[in-house]
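Engineer: only geometry, no sequence info:
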């Protein structure tokens, strides 16, 4: 934000000093498109049909468009001619009616396309509501990949027709504006064919059927030490390079560690991966329990005496759910209980707004706290500064380009090779 102490507008001289005061007068709202989804205004304790009766009118329990806008952007409700800036705008478009440019999609590709379509529809519909109710004067779309995704009805990769400036991601990489991306290019397994894609390039194709299905309450839970050997090998291989990077950063005096991201398809997958990486408590049949420490030393959340670290090195998070603004899923909340309590203690020790709210007796929900941790990963003297590894569900694929992110492993199907 322009008035932030570390504002880029000031530190990078994006705006002349004599104009900074004018910039600070702007009313700015930063939100996620998930916030445009209409929410329930009331919780019905009984059955909906029972309450409305056989012939009664359907109960209207969702908030209105006006109530949604009041919740999302209260500061702008008395304004007109709003300027909209869409970041990562390749996820914001109106799908092509009856479009079949993608052909027939199956399996994970079909699920990914449906997810893209739903997200794009919610985003563009929300902005259309803003335009109807308040008025939008200009919309600027920002994206390193300004083209249609699968599920749009257009051929995937078709450039947006409203693109004014096409400075591609590859151009940015070659100019040194963003980090150089490296992906596996050769297969070194015995007996591998020369023209065969490296296993780590398309890891999910080799492990997908061996991973648990969505919903941790269904079926047997995968033992963390029994995750597929291919996945263990991929984690160990990428971690080996991370270790070297970590030591280089430490030697150079960089105050925050590099960040390693593991992106999973659901919590049934993310939990055993998280436990394998950071360690976990195993409950034995005789009623006893013991700590099984993480297999990746720099990412362990337990010390050599099996005590939990006061500041976890690895964070388990469902980023899509947090961005939606809704309460944490009960199952996920249980999984993250320990780290949430640790972060609360650390927030009190550090001071600041969160600490003041906690000391004032205000209850800060777990989602807000985890959002604060997630948003401050890689930032010195913040709640998330010590995080070295993030195991995420549905993290946006743009996360790889965050300043401190050096390694990304996808434990899910991806439509792009950038993350495989």
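Structural biologist: All right, it came through fine. Owing to the predicted nature of the structure, the values given are computational and were not obtained by experimental measurement.
Engineer: Could you use CA atoms for every contact and neighbour count after this?
Structural biologist: Noted.
Engineer: for the closest residue to residue 239 other than its chain neighbours, phi and psi?
Structural biologist: Leaving aside its chain neighbours, residue 239 sits nearest to residue 296 (7.2 Å; criterion: CA to CA, 6 or more residues apart in numbering). Dihedral pair for residue 296: phi -110, psi 100, per degrees, to the nearest 10.
Engineer: Contact partners for residue 296?
Structural biologist: With contact set as CA atoms under 8 Å, 6 or more residues apart in numbering, residue 296 has these partners: 236, 239, 277-278.
Engineer: Look up how far residue 212 lies from it.
Structural biologist: For residue 296, the distance to residue 212 equals 22 Å [CA to CA, to the nearest Å].
Engineer: if we can go back for a sec, want to throw the contacts of residue 296 into a markdown table with secondary structure, pLDDT and distance to residue 271?
Structural biologist: Listed next are those as a markdown table, based on DSSP: H, G, I helix; E, B strand; the rest coil; pLDDT from 0 to 100; distance: CA to CA, whole Å:
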| residue | secondary structure | pLDDT | distance to residue 271 |
| --- | --- | --- | --- |
| 236 | helix | 93 | 18 |
| 239 | helix | 95 | 18 |
| 277 | helix | 96 | 10 |
| 278 | helix | 94 | 10 |
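Engineer: Any quick PyMOL command for the buried ones out of the residues you listed?
Structural biologist: In PyMOL syntax, the buried subset of the contacts of residue 296 is picked out as below (16 or more other CA atoms under 10 Å):
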select buried, resi 239+277+278
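Engineer: Put together a markdown table for the contacts of residue 296, with distance to residue 245 on each row.
Structural biologist: Below are the contacts of residue 296 laid out as a markdown table (distance: CA to CA, whole Å):
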| residue | distance to residue 245 |
| --- | --- |
| 236 | 14 |
| 239 | 10 |
| 277 | 18 |
| 278 | 19 |
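Engineer: Residue 176: which of the contacts of residue 296 is nearest?
Structural biologist: residue 239 (24.6 Å; CA to CA).
Engineer: Which strand or helix spans residue 116?
Structural biologist: In this structure, residue 116 is located in helix 107-133 according to DSSP states H and E.
Engineer: Give me the distance between that helix and the centre of its chain.
Structural biologist: 17 Å (CA atoms, centre = their mean, to the nearest Å).
Engineer: Quick check: mean pLDDT of that helix?
Structural biologist: For helix 107-133, mean pLDDT is 87.
Engineer: Likewise for stretch 10-27?
Structural biologist: On average, stretch 10-27 scores 85.
Engineer: can you pull the buried residues of it?
Structural biologist: Buried residues in stretch 10-27 (16+ other CA under 10 Å): 10, 20.
Engineer: try stretch 258-270
Structural biologist: Those would be 258-270, for stretch 258-270 by 16+ other CA under 10 Å.
Engineer: and it, how far from the chain's centre?
Structural biologist: 10 Å.
Engineer: And that stretch, end to end?
Structural biologist: Termini of stretch 258-270 sit 21 Å apart (CA to CA).
Engineer: how about the buried residues of stretch 258-270 in TSV, adding pLDDT?
Structural biologist: Listed next are the buried residues of stretch 258-270 as TSV, based on pLDDT from 0 to 100:
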residue	pLDDT
258	94
259	92
260	93
261	90
262	92
263	88
264	89
265	83
266	82
267	79
268	85
269	89
270	88
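Engineer: Export the residues you listed as JSON lines, with columns for secondary structure and distance to residue 83.
Structural biologist: Below are the buried residues of stretch 258-270 laid out as JSON lines (DSSP: H, G, I helix; E, B strand; the rest coil; distance: CA to CA, whole Å):
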{"residue": "258", "secondary structure": "coil", "distance to residue 83": "35"}
{"residue": "259", "secondary structure": "strand", "distance to residue 83": "34"}
{"residue": "260", "secondary structure": "strand", "distance to residue 83": "35"}
{"residue": "261", "secondary structure": "strand", "distance to residue 83": "33"}
{"residue": "262", "secondary structure": "strand", "distance to residue 83": "35"}
{"residue": "263", "secondary structure": "strand", "distance to residue 83": "33"}
{"residue": "264", "secondary structure": "strand", "distance to residue 83": "35"}
{"residue": "265", "secondary structure": "coil", "distance to residue 83": "35"}
{"residue": "266", "secondary structure": "coil", "distance to residue 83": "36"}
{"residue": "267", "secondary structure": "helix", "distance to residue 83": "37"}
{"residue": "268", "secondary structure": "helix", "distance to residue 83": "41"}
{"residue": "269", "secondary structure": "helix", "distance to residue 83": "40"}
{"residue": "270", "secondary structure": "helix", "distance to residue 83": "38"}
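Engineer: hey, where'd the helices end up in the stretch 201-350 of the chain?
Structural biologist: Using DSSP state H, counting those that start in this stretch, the helices assigned to the stretch 201-350 of the chain run over residues 203-207, 229-251, 267-278, 319-324, 330-335, 337-350.
Engineer: I'd guessed residue 84 sits against residue 135; true?
Structural biologist: No: counting by CA atoms under 8 Å, residue 84 sits too far from residue 135 to count as a contact (10.4 Å).
Engineer: State the phi and psi torsions of residue 21.
Structural biologist: phi -60, psi -40.
Engineer: same check, this time on the one 3 residues further on
Structural biologist: According to degrees, to the nearest 10, the main-chain angles of residue 24 amount to phi -70, psi -20.
Engineer: separation between it and residue 231?
Structural biologist: Where residue 231 is concerned, residue 24 sits at a distance of 49 Å (CA to CA).
Engineer: model confidence over stretch 32-43, on average?
Structural biologist: The model assigns stretch 32-43 a mean pLDDT of 82.
Engineer: so where's the stretch 151-300 of the chain uncertain?
Structural biologist: Applying pLDDT under 70 to the stretch 151-300 of the chain flags the ranges 168-169, 177, 181, 184-197, 214-221.
Engineer: what are the ranges of the strands in this structure?
Structural biologist: 82-87, 136-142, 259-264, 279-283, 289-293, 314-318, 389-393, 405-411 (DSSP state E).
Engineer: Out of the ones you listed, flag the one nearest residue 60.
Structural biologist: strand 136-142 (28.3 Å).
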